[in-house]
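Asks: Provided below are the primary sequence and the corresponding predicted coordinates.
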Amino acid sequence: MAQPPIFSLEGVALQQGGRWLFGGPSPTSGAAPIDLHVLPGDRLALIGRNGAGKTTLLRLIMERIDADRGARRIKPGTRIVFLEQDPEFGSAETLMDFALGGELPPERHEVEAIAGQLGIDMSREAATASGGERRRAALARALAQDPDLILLDEPTNHLDLAAIDWLEDWLSRYRGAFITISHDRTFLTRLTRATLWLDRGTLRRKEVGFGGYEAWEEQVYAEEARAAERMDAKLKLEAHWLERGVTARRKRNQGRLEKLYQMRAARAAMISGAGTAKLKLSSDDDFKSKSVIVAENISKSYGDRPIIKPFTLRIQNGDRIGIVGSNGAGKTTLLKLLTKELEPDTGSVTHARTLTGVMIDQQRKLLEPGATVRQIVAEGGDWVDVRGVRKHVQAYLKDFLFDPGLVDTKIGILSGGERSRLLLAREFARTANLLVLDEPTNDLDLETLDLLQEVIADFDGTVLIVSHDRDFLDRTVTVTLGLDGTGKVDIVAGGYADWEAKRKAPITSTKPASTAAQPRSNGPQTTADKGGPAKPAPSVKLTYKDQRDYEILPARIEELESVIAKGEALLNDPELYAKDPQRFATISKGIENARAEKDAAEERWLMLAELVEG
């Protein structure tokens, strides 16, 4: 017999900022009221865009805010704990003072036990503690309370890889229920068994973990689009332009991932024998002519402790370099050495004369709350120069998943994730051939992460990334610099999974190890998915329709590219949105449709080309 829920929300509606976030007073005023039932042992991923109300939903569960309608029911004796994304430390002098505070203070010995496993000194002053130390203290406080239901809001933010591994292990053994919001795909895939999807004020549930979420999402959007077409609901179709864009983006990213794997294989061939940390080409002179950063025998120590032991690294234009390691292992030091913010104790770092960099760090809170989106992105004007190309500000905002109507919205009312996305839009517009990204995935939703991966893949320059997001690194970087805390810099072609595989089972073969970083799939794997070389498909005879598509699709793809280019040129008119927002929307929709058709045509032609070449 099924167990009764330990917690429920029934018919909940909430008004926020003058609009109904969930539900409304009548069926025509907004989305349906929220129903949520949490069963014992549930492992729930809570998915939704920035601003959809995910954190608000957790606050409703905790009664931090009151709903305008509906009921909240809790099984007697159920203990619920909320790990907030940015917990308030208030007047707590030390991390231990904070951990022992709150409405349900845990036992001190329980806090000490968890803190010891997390490697955190709880006597540390709260005011001077780092983000990582505060996050560990909050974890120790939450987990030590022995809850029946844990609400986790971005639990891996500010945690290093060792702490994330520990948290995953703890949650895998935990017998209670949890609901987690996270941008960490690896974390979600490993731990969740069901998914809550908050979309346009509607809460859906499916008994499938995050690994099956994207297929479910695309199925829902496809069904809604078909229903909208049958009803000829033009306004409803217009509301879906972003969702269809997301689906198309994921398809495009498959091609980018294939290109990434090819780049990794090429870089693996440049890595010299095991134990050395030098990248080179068969012709070293050729490599030097293409290098943008050359670090020769550099090292750095603080006192008697070696942070970076001597190593040599040459970075080419177009490289995507990921830097990983536990907190304190030397990631920031290495980044500062490579960007010449810090002088090495030995050796030298040389930059190409043409190298110009932009750094995107975690200081999103520095955005002035009273400023508008237009002021941040376009300095108050109608145009923004995007790496030498002028674009209208509304058109550029759409590229970063913003509604163009938000152009004059104050920063103060945007969510944390929306501010992060806005900062990315501003920084990516600047002319540069070096991007330095320090934990760029914090506060971003999954769809914005897809966008960020796309922008990085299309960036015509070199990228340095410090991140603990394993899936993001696996989908983005060509070379990983792994630091184990001893000062050694381990260079591996590929992403985090390649470095992790090398650490656990040192590779003795000279064969490039570039395929371990391929994203996990719930479907059948091809030979290439499993890490081996892709085998050509057996030769087959094309049907008449297949042969005709193979011949005419290249010309159709060119036509669609021309349509997209002309549409984007029209959107660059600074007066268009103000004078005729309907035409602006129609052109935007036409571009989205053309892109979707182009993606489908490319996918179809590539499939046919494989059959022909096979």
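Replies: Ah, there it is.
Asks: dump the residue contacts of Arg190.
Replies: Glu168, Ser172 (CB atoms under 8 Å, 6 or more residues apart in numbering). Where you see a C-beta, it was placed from the backbone N, CA and C, and this is true even at glycine.
Asks: what helix or strand is it on?
Replies: Following DSSP states H and E, one finds Arg190 within helix 185-191.
Asks: Could you pull out the buried residues of that helix?
Replies: Arg185, Thr186, Phe187, Leu188, Thr189, Leu191 (16 or more other CB atoms under 10 Å).
Asks: And the residue nearest the centre of the protein?
Replies: Compute the mean C-alpha point of the chain, and by CA atoms, centre = their mean the closest residue is Leu449, 3.2 Å away.
Asks: how near is that one to Leu473?
Replies: 12 Å (CB to CB, to the nearest Å).
Asks: How is the protein divided into domains?
Replies: Domain ranges of the chain: 254-356+433-517, 364-431, 536-613, per automatic domain parsing.
Asks: Tell me which residues of the host helix or strand of Arg548 come out buried.
Replies: Assessed by DSSP H and E, Arg548 sits inside helix 544-571. By neighbour count on 16+ other CB under 10 Å, the buried set for helix 544-571 is Asp546, Asp549, Tyr550, Leu553, Ile557, Leu560, Val563, Ile564, Gly567, Glu568, Leu570, Leu571.
Asks: so the fifth one makes contact with Glu603?
Replies: No. With contacts counted by CB atoms under 8 Å, Ile557 stays clear of Glu603, the gap being 10.7 Å.
Asks: How far off centre is the helix holding Arg548?
Replies: Relative to its chain's centre, helix 544-571 lies at 31 Å (CA atoms, centre = their mean, to the nearest Å).
Asks: where does Leu406 land in three-state SS?
Replies: Judged by DSSP: H, G, I helix; E, B strand; the rest coil, the three-state class of Leu406 is helix.
Asks: go on, Asn157?
Replies: Asn157 falls in the coil class when you classify it by three-state DSSP.
Asks: Kindly give the local confidence score, pLDDT, for it.
Replies: pLDDT recorded at Asn157 is 86.
Asks: Excluding sequence neighbours, find me the nearest residue to it.
Replies: Asn442 (5.2 Å; CB to CB, 6 or more residues apart in numbering).
Asks: repeat for Pro106
Replies: In space, and not counting its chain neighbours, Pro106 is closest to Ala144: 3.7 Å by CB to CB, 6+ apart.
Asks: For the stretch 101-250 of the chain, which segments are assigned as helices?
Replies: 108-118, 131-143, 161-173, 185-191, 213-231, 234-239, 241-268 (DSSP state H, counting those that start in this stretch).
Asks: who's in contact with stretch 559-574?
Replies: By CB under 8 Å, 6+ apart, stretch 559-574 touches 382-383, 390-392, 394-395, 576, 584, 587-588, 590-591, 594-595, 597-598, 601.
Asks: Show me these that map onto strands.
Replies: Trp383, Arg390, Lys391, His392 (DSSP state E).
Asks: residue contacts, the last one?
Replies: The contact partners of His392, taken as CB under 8 Å, 6+ apart, are Asp382, Trp383, Val384, Leu571, Asn572, Asp573, Pro574, Leu576, Tyr577.
Asks: which among these gets closest to Arg134?
Replies: Among the contacts of His392, Val384 lies closest to Arg134 (CB to CB), at 35.7 Å.
Asks: OK, contacts around Gly347?
Replies: Counted by CB under 8 Å, 6+ apart, Gly347 has contacts Ala295, Glu296, Asn297, Ile298, Ser299, Pro310, Thr312.
Asks: rerun at 7 Å
Replies: Ala295, Glu296, Asn297, Ile298, Ser299, Pro310 (CB atoms under 7 Å, 6 or more residues apart in numbering).
Asks: Quickly, which of the helices of the stretch 101-250 of the chain bottoms out on average pLDDT?
Replies: helix 234-239 (a mean of 42).
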